[in-house]
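Peer 1: mind folding the following:
(3 chains)
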Amino acid sequence: MLLFIEQCLNGLQVGLLLFLLAAGLTLVFGIMDLVNLAHGSLYMLGAYFAASFAALTDSFVLGALLGLGAMFLVGAGLEVTTLRRLYGRDHLDHVLGTFGLILFFNELVRMVWGPGSLSLPLPSWLNRSIEILPGVPYSAYRFSIIVVALVVALLLYLLVMRTRIGMLIRAGASNREMVGALGVNIQLLYTLVFGLGAVLAGLAGIMQAPILTAHIGMGENILILAFVVIIIGGIGSIRGALVASIFVGLADTVGRAYLPDLLRLFLSPAAASTAGPALSSMLIYVLMAIVLVLRPEGLFPAARR
Amino acid sequence: MRGKLLAVAAISALAAGPVVAQNKSVKIGFVSTFSGPTAVIGNDMRNSFELALDHLGRKMGGLPVEVIYEDDQQKPEVGVQKTQKLIESDKVDFIVGYIWSNVLLASLKPAVDSKTFLISANAGPSQLAGEQCSPYVFSTSWQNDQTPQAMGLYMNQKGVKSAFLIGPNYAAGKDMLAGLKSTFKGQVIGEEYTKWPDQLDFSAELSKARAAKPDAIFVFYPGAAGVQFLNQYAQMGLKGQIPLYTAFTIDETTLPKQKDLALGVPGAQEWVNDLPNEQNKKFVADYKAKNKSSPSFYGAQAYDAANLINSAVAAVKGDTSKKEDMRKAMEKANFKSVRGGFKYGNNHMPIQNFYLQDVVKQGDDFALKTVATIVENSQDRFHDKCPMK
Amino acid sequence: MNAHLIARNVFVAALVAFLLALPLYTGLSGNNFLLTLFTRIVILAMAATSLNLIMGFGGMVSFGHAAYLGIGGYVVGILAYEGVYSGFLQWPLAIVISALFALVIGVLSLRTRGVYFIMITLAFAQMIYYVGVSLNRYGADDGLTIQHRSQFAGLLDLSNRIVFYYLCLALLLGTIYLVWRLINSRFGMVIQGARSNDRRMRSIGFPTFRYRLACFVIAGAMCGLAGVLLANFNSFISPAMMHWTRSGDLIVMAVLGGMGSVFGPAIGAVALLVLEETLPLAIGRLGYPLVGDVALRAAEYWQIVLGPLLLAVVLFARGGIYGLLPRGRRD
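Peer 2: Residues are numbered from 1 along each chain as shown, chains lettered A, B, ... in the order given. As a prediction, this is how the structure comes out:
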């Protein structure tokens, strides 16, 4: 039983990390109608920047904060120079153009940081285990991921629901033209939103780096999951992204943990261990396909007129 | 993702004239991983191979040596393409390298079909020692099962009654866990395989291991995965609770990052940096001087591979078309290995000793030390399946 | 006005002539690698052409097209592993199975449009990829070596690289011809009409869903055949060949070459793969006398040009390479 709780915590952590990535993606897609495949590259850049800054300043927290700052600049810069030319175009153009950006960023990282991977070591106060419930020791760092992601979710909620900018964001998601017609500086809004999305993606990368190390191409694998999440959750909906990402995280981790045991009843351990994760990954895509066929707007669609 | 020397070497290769009858140099293709989290292993092998060539005066059998390095990106489909390219475009005489068993297995066919000598300086899948053995394939490392077999013997010595096994789900991972099970006399109460190479998050498997309450945990996680595993093992509070036994998880490439976490975690190896023979002392000392770090067993194996090739080319005095003679020369393993000398079995796999290695702290640094010899003249358990005599 | 000499036709004719004559050159010079390279180009061009049938002409952007490469390849690989090497059995079976998969995926996906269609085709492709990964008997993630190329009872010796090359080239040209015939038929008109305005086509009375589904299945079958060739070519098949990033490569080829033309994807495949092989050499060779070692380092990072190039094509040259070629005046 305690093992199950622990696995659920693992799943929650995976899901919340995914949420950080999906939130930025769904914001950008919802507000600017931009399909950004390079979001995974922003995730990767966040990890690399933080690793470098942490090595320079010898502090994990300082490195992370500087990394986030750098990501905002990168995101805003990218939007102003390149991405704004894609607005209003066919989604295929977005896909192709940002796919090109993925290739570019992978090479850029290789040029600047070299082909190997960078590790982001944890400070000692995070690098230990704590007892969440009696008898359930859990990694302090993973717990901090859960805490940080929930705090970010709360902050995002406050931003979108309680501030003026949030109001503009919500209005822009529902009716872009009207907001522009009302005299709001749409260009600046878009740049800020994209910068925010980049910061969120970078944060996800930074949080993931101590576990997986910062390496080239790390964004591609998780990017697809992020798209699955926003499709299931509903494009433009942060609430939908939260629900969907937690679900996907739980399905993936619990599936990975228990499916092989189930399969082991009639397969060899090695076979069960390949089939198990494969099946649980497939499950996520099956779910997305079902959602697309039955309810294409997703679970919590942002209202559109 | 090309190796550093590719541009220079390929420029000459593209000057495509009619096929030249006699080689003017010995061409060696080197396939390893030079990008991604495990690039550090490939670099260690490359540095060691280069050092060996330096020690040989960059000549074999009187001919200058040309090496072309290719990056397999840790992917079988890339490895087979690079191998094909080295054979067809660069027309190499020897192919060396192959960290990963799955990449090696995928790349076997082009090499064997074209009768190009392939020296595995690391990967040792069971198929290679058994049914798929070939007169053109040699190993300067080991067969995958041998090292965990030695560890299994050691675990018996330590009185371990139950074990939980964790490893990556590819050819080598399966071999390693199978090898351990073949000698370990206790009960295996859990066997988990993780997705390779993407999965570096072992939380689910570690949780399961802890819940099963074994006497010990055995793992095989080479490269960056080894660093991450030890990190997470400690983060979960398992260090000091359940003893850990390893194969290929702690070595000179990962130790600088694992540091304290590796203390008290034993591993088995056919080579440790302090083996007391002359050529090993020279190898380690010169490597440290040139590269400012210690060589790992991957490097030691690459160093041996260079000398194995040299013994063959020297035997035919540079005439690399005499393949039968080169093969016979290599089978004798008549060169000074940094592990102190070994013989070849019928399947071209080394018959060698395995040592227990442990981590000690020297000031601020960590180093690996030989503690004992676990087994002598160990031969792999698949040589009967190889049709060669 | 001599319409036959317009630049586009000359370019395409020259390319085809080059491809036909290539084995003569490589046979004389002994440069087998060039033949190997172009065999791979031809096979991928075939896959990209099949993709363009649905993408360029049908407006159905599928990020899962590489799945059919894998399906075709695995049919060959699995049969070979079980001892069946006969091409007469392997090839038709691969085509049929690819078509069946395309049918199922098409029925479920073609209800959606735009980015949703992209995502759902991607989802199906990933599902197939994960099935491949779980095929333990057939190598799972590590892949499967194919010991012998498909055998045709002595009629064709595929292990002869020249024979194999010409077979692949013949199939590529056949595929292009088939696509051209389809596009210029009533079927093609309905497909292209449905791309620009589906509702109007339906109001005229065409059951567009059925037409688009048929188109999807044909494209899948053609790509399955390309997968058969690819597996034979590499003597190796692995799930990695079905990954969505492989589909991305095919899309890049089609877009780069020009989505509006039947020859576009082939041009794109040639351009992309030739670039991949020669650009680093060119940078190194040309730059070395000028800037020495810097040129060699720059040559290593040539791929950094590819991304912005793609972006530039998307922004400024939507017709791809084919679109950039002068078409001559229309009188």
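
Peer 1: contacts only, for the spatially most central residue of chain B.
Peer 2: With distances taken as C-alpha atoms, centre = their mean, chain B has B:N122 as the residue nearest its mean C-alpha position (2.0 Å). For B:N122, the contact set (C-beta atoms under 8 Å, 6 or more residues apart in numbering or on different chains) comprises B:M45, B:G97, B:Y98, B:I99, B:W100, B:S141, B:Y298, B:Q301. No exception for glycine: its C-beta is placed from N, CA and C like everyone else's.

Peer 1: spatially nearest residue to C:G287, not counting backbone neighbours?
Peer 2: Closest residue to C:G287 apart from its sequence neighbours, by C-beta to C-beta, 6 or more residues apart in numbering or on different chains: C:A295 at 2.8 Å.

Peer 1: out of the contacts of B:N122, which is most surrounded?
Peer 2: Using other C-beta atoms under 10 Å in any protein chain shown as the neighbour criterion, B:G97 leads the contacts of B:N122 with 34 neighbours.

Peer 1: got the contact list for that residue?
Peer 2: B:G97 neighbours (C-beta under 8 Å, 6+ apart): B:G29, B:F30, B:V31, B:S32, B:M45, B:I119, B:S120, B:A121, B:N122, B:A302.

Peer 1: model confidence over stretch B:55-64, on average?
Peer 2: The average of the pLDDT scores along stretch B:55-64 is 91.

Peer 1: show me what counts as buried in that stretch.
Peer 2: Judged by neighbour count (16 or more other C-beta atoms under 10 Å in any protein chain shown), stretch B:55-64 contains these buried residues: B:H55, B:L56, B:K59, B:M60, B:G61, B:L63.

Peer 1: what count of nearby residues applies to the residue nearest to the second one when sequence neighbours are not counted?
Peer 2: Yep, that's B:L56 we're talking about. Ranked by C-beta to C-beta, 6+ apart and with sequence neighbours excluded, the top spatial neighbour of B:L56 is B:N310, at 5.7 Å. B:N310: 21 surrounding residues under other C-beta under 10 Å.

Peer 1: so which strand or helix has B:N310?
Peer 2: Assigned by DSSP states H and E, B:N310 belongs to helix B:297-315.

Peer 1: for that helix, what is the distance to the chain centroid?
Peer 2: 13 Å (C-alpha atoms, centre = their mean, to the nearest Å).

Peer 1: just to revisit the earlier point, want to throw the buried residues of stretch B:55-64 into JSON lines with secondary structure and distance to A:V28?
Peer 2: Shown next, in JSON lines, are these (DSSP: H, G, I helix; E, B strand; the rest coil; distance: C-beta to C-beta, whole Å):
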{"residue": "B:H55", "secondary structure": "helix", "distance to A:V28": "57"}
{"residue": "B:L56", "secondary structure": "coil", "distance to A:V28": "57"}
{"residue": "B:K59", "secondary structure": "strand", "distance to A:V28": "59"}
{"residue": "B:M60", "secondary structure": "strand", "distance to A:V28": "58"}
{"residue": "B:G61", "secondary structure": "coil", "distance to A:V28": "62"}
{"residue": "B:L63", "secondary structure": "strand", "distance to A:V28": "59"}
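
Peer 1: what's the closest of those residues to A:I206?
Peer 2: Nearest to A:I206 among those: B:H55, at 44.2 Å, using C-beta to C-beta.

Peer 1: ok so, going back, quick check: the farthest pair among the contacts of B:N122?
Peer 2: Most distant of the contacts of B:N122, by C-beta to C-beta, are B:W100 and B:Q301, 13.7 Å apart.

Peer 1: secondary structure element for the closest residue to C:F216 other than its chain neighbours?
Peer 2: Counting by C-beta to C-beta, 6+ apart, C:F216 lies nearest to C:G106, which is 3.9 Å off, once chain neighbours are set aside. Per DSSP H and E, C:G106 falls inside helix C:87-109.

Peer 1: what's in contact with that helix?
Peer 2: Taking C-beta under 8 Å, 6+ apart as the rule, helix C:87-109 contacts A:289, A:293, C:64, C:67-68, C:71-72, C:75-76, C:79-80, C:84, C:117, C:120-121, C:124, C:128, C:150-153, C:156, C:158, C:212-213, C:216-221, C:223-225, C:227-228.

Peer 1: what about the helices in the stretch 251-389 of chain B?
Peer 2: B:255-258, B:278-291, B:297-315, B:323-331 (DSSP state H, counting those that start in this stretch).

Peer 1: how about the shortest one and chain A, touching?
Peer 2: Yes. Judged by C-beta under 8 Å from any C-beta of the partner chain, helix B:255-258 and chain A are in contact via B:K257.

Peer 1: in the stretch 201-350 of chain B, what residue is nearest chain A?
Peer 2: Closest residue of the stretch 201-350 of chain B to chain A, C-beta to the nearest C-beta: B:G237 (3.6 Å).

Peer 1: that residue: neighbouring residues, count only.
Peer 2: Quick note: B:G237 (other C-beta under 10 Å) scores 18 neighbours.

Peer 1: before we move on, what about A:L2?
Peer 2: Neighbours of A:L2 (other C-beta under 10 Å): 14.

Peer 1: what about it, distance to B:K208?
Peer 2: 12 Å (C-beta to C-beta, to the nearest Å).
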